[in-house]
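K.L.:
Pasting a predicted model and its sequence here:
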Amino acid sequence: MTIRYSAASHIGRVRKVNEDSILSLPDQKIWVVADGMGGHAAGDFASQTIVDTIAMIEPDLPPGELMRGLRQTIMQAHATISAAAEERFHGTVGATVVALILTDEHFVALWAGDSRLYRFRAGKLEMLTTDHSLVAELVLSGELTWDQAEQHPQSNAITRAVGVGETLELDKIRGDVASGDRFLLCSDGLTKYATFNTLASMLNGTPIETVADRLTNFALDAGGADNISIIVVDVV
């Protein structure tokens, strides 16, 4: 399996600080997007803590140990952020996270919050994660589509984040990997503007060298009201 990827993180057109952080570890086949919350230094600290902690995973671990290591490092980041929120920032501090691991035949993803993982396969786009948010409940009950949920007044209200609450519950999904698969990890700075059809159209056929920048520019042209973080991973 050959892996190619491109990544971008942009402050956007409105925010003064980029509270998103991204991580690419191609040798370990790990990619991470984290979106900080808490304002300025606090959100930036939270997202950076997540990627810095994951980056300390030992190299050359077998897949099972790698997945356990990923979960363990996110839990470590949760503890670090929680302590800092109480001792340093004196308020709620946290970050969403979505993390992808690829092996020769499977993928595993862990996430908390509303940063997302998609898979584009054979011309079809599938959202692999499910947001931990208030509007997600409306989607799951059939009252809204994911595209409609992005326009809801409470679209930014998340129910789970790294660093928030005594315990962190991470969701996990695993599945098969096939040649030609294209994975997209992103923060909500992209998905608040890009519908499923828009994402599918831009992911379809855009070269890996330019696809992250193309998606970023789309979000900027649409308003860029939030930080924008994107990682696209191709399986060749």
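P.N.:
Alright, I've got the coordinates.

K.L.:
wait, doesn't Ile231 sit right on Val33?
P.N.:
Yes: assessed by C-beta atoms under 8 Å, Ile231 is found in contact with Val33 at 6.0 Å. C-betas here are computed from N, CA, C, even on glycine.

K.L.:
Comparing these two, which residue is more hemmed in?
P.N.:
Val33 (31 against 23; other C-beta atoms under 10 Å).

K.L.:
that older thread, and for Ile231 and Val33, which residues touch both?
P.N.:
Here Ile231 and Val33 have 22, 185-186 as joint contacts, going by C-beta atoms under 8 Å, 6 or more residues apart in numbering.

K.L.:
Adding distance to Phe196, neighbour count and secondary structure, write the residues you listed out as CSV.
P.N.:
Converted to CSV, the shared contacts of Ile231 and Val33 look like this (distance: C-beta to C-beta, whole Å; neighbours: other C-beta atoms under 10 Å; DSSP: H, G, I helix; E, B strand; the rest coil):
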residue, distance to Phe196, neighbour count, secondary structure
Ile22, 22, 21, strand
Leu185, 16, 28, strand
Cys186, 13, 28, strand
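
K.L.:
Remind me which helix or strand the closest residue to Leu168 other than its chain neighbours belongs to.
P.N.:
The shortest distance from Leu168 to any non-neighbouring residue, by C-beta to C-beta, 6 or more residues apart in numbering, is to His78 (4.3 Å). Remark: His78 resides in helix 63-84, with elements defined by DSSP states H and E.

K.L.:
got the CA positions of the next helix or strand after that helix in PDB?
P.N.:
Per DSSP H and E, the first helix or strand lying C-terminal to helix 63-84 is strand 94-102. The C-alpha trace of strand 94-102 is given here as PDB (Å, rounded to 0.1, in the frame of the first residue of the first chain):
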ATOM      1  CA  GLY A  94     -10.800  21.600  25.300                       C
ATOM      2  CA  ALA A  95     -10.500  20.500  21.700                       C
ATOM      3  CA  THR A  96     -12.200  18.200  19.300                       C
ATOM      4  CA  VAL A  97     -10.100  15.500  17.700                       C
ATOM      5  CA  VAL A  98     -10.300  13.100  14.800                       C
ATOM      6  CA  ALA A  99      -7.400  10.700  14.300                       C
ATOM      7  CA  LEU A 100      -6.900   8.100  11.500                       C
ATOM      8  CA  ILE A 101      -4.600   5.100  11.400                       C
ATOM      9  CA  LEU A 102      -4.100   3.100   8.300                       C
END
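
K.L.:
56 is where my numbering starts, stick with that
P.N.:
Got it, the first residue is 56 from now on, which makes the last one we talked about strand 149-157.
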